[in-house]
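Participant: Next input, structure requested:
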Amino acid sequence: MYPESLQDLIESFKLLPGIGEKTAERLAFSIINMDKEKTDFFATSISNAKNKLHKCPICSNITDQDLCSICSSPNRNKKILCVVEDCKNIILFEKTGSFKGMYHVIDNLISPLDGINPEDIGIDKLVKRIESSPFEEIIIAVKPSIEGETTSLYIKKILEGLKIKVTRIASGVPLGADIEYIDSMTLERALQDRKEIE
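Facilitator: Alright, predicted model coming up:
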């Protein structure tokens with residue numbers, strides 16, 4: 001139905017998550033209707049992102065430099081480490097502007113049912129970093145799921161002998177939510193993580 005080059009472009013867009021046939025067609029036609037300068041910039045951006053971006057050797061955040069901007073910054077608090085599941089989570093924390101410590105990205109969450117064990121998510125690299133750094137607190141900031149809980153407990157257990165404070169971010173009822181629609185697991189966590197009103 002379409003010329004081969006246009007069909008290839010449509011198929012390329014369909015490789016992206018959440019993009020179906022109609023959206024892929026719409027995006028492909030948007031590209032061919034752009035002026036050459038914009039399409040060249042688009043193509044170069046994709047190529048540069050694929051060829052220049054890599055994991056920071058210290059924290060596994062994504063970067064196009066030798067070290068990511070956080071690990072290379074002299075202004076970060078080197079005594080607090082926040083462990084996250086994905087480099088996208090770092091961006092979310094950074095947008096709040098409230099955390100000034102260091103980060104470490106693990107590759108996944110422990111899930112024995114899916115065949116994901118501690119050695120599969122880079123726990124060894126995390127432990128080596130903690131042992132060789134002056135961290136006083138490790139904040140575990142992973143999603144509140146069975147896998148997240150398993151991963152948090154595992155990290156806490158292997159750090160027991162290091163005399164480092166291990167915490168996790170609070171979770172529970174979101175702002176503006178109606179309690180009658182909150183599931184029981186979320187309510188239970190909200191009760192466990194309650195704090196005094198200031």
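
Participant: Show the residue spans covered by the helices in the chain.
Facilitator: In the chain, the helices defined using DSSP state H lie at 4-14, 21-33, 36-52, 87-96, 123-131, 146-158, 184-192.

Participant: Tell me the helices and strands packed up against the third one.
Facilitator: Contact here means 3 or more CB pairs under 8 Å, 6 or more residues apart in numbering; DSSP states H and E; on that basis helix 36-52 packs against helix 21-33. For glycine as for every other residue, the C-beta is placed from the backbone atoms N, C-alpha and C.

Participant: and the angle from the helix it packs on to helix 4-14?
Facilitator: Helix 21-33 and helix 4-14 are oriented at 130 degrees to each other (axes from the mean of the first three to the mean of the last three CA atoms, to 10 degrees).

Participant: what comes into contact with stretch 113-124?
Facilitator: 60, 106-110, 147, 151, 154-155, 158 (CB atoms under 8 Å, 6 or more residues apart in numbering).

Participant: what about the closest residue in space to residue 167 that isn't next to it in sequence, how many neighbours?
Facilitator: Spatial nearest neighbour of residue 167, excluding adjacent residues (CB to CB, 6 or more residues apart in numbering): residue 139 at 5.3 Å. Neighbours of residue 139 under the rule other CB atoms under 10 Å: 18.

Participant: On the strand side of things, show who residue 139 bridges to.
Facilitator: residue 82, residue 167 (DSSP bridges).

Participant: So it is in contact with residue 83, correct?
Facilitator: Yes. In this structure, residue 139 is within contact of residue 83 by CB atoms under 8 Å, at 6.9 Å.

Participant: State the distance from residue 64 to residue 14.
Facilitator: As judged by CB to CB, to the nearest Å, residue 64 and residue 14 stand 27 Å apart.

Participant: If you count surrounding residues, which of these two has more?
Facilitator: residue 14 (15 against 11).

Participant: isn't the more buried one right next to residue 21, touching?
Facilitator: Yes. Counting by CB under 8 Å, residue 14 touches residue 21, with 6.9 Å between them.

Participant: residue contacts, residue 105?
Facilitator: With CB under 8 Å, 6+ apart, residue 105 has these contacts: 55, 59-61, 84-87, 89-90.

Participant: List just the nearest of the residues you listed to residue 173.
Facilitator: residue 89 (20.8 Å; CB to CB).

Participant: Let me know the distance separating the nearest residue to the closest one once chain neighbours are set aside from residue 187.
Facilitator: Leaving aside its sequence neighbours, residue 89 sits nearest to residue 141 (CB to CB, 6+ apart; 6.6 Å). For residue 141, the distance to residue 187 (CB to CB) stands at 21 Å.
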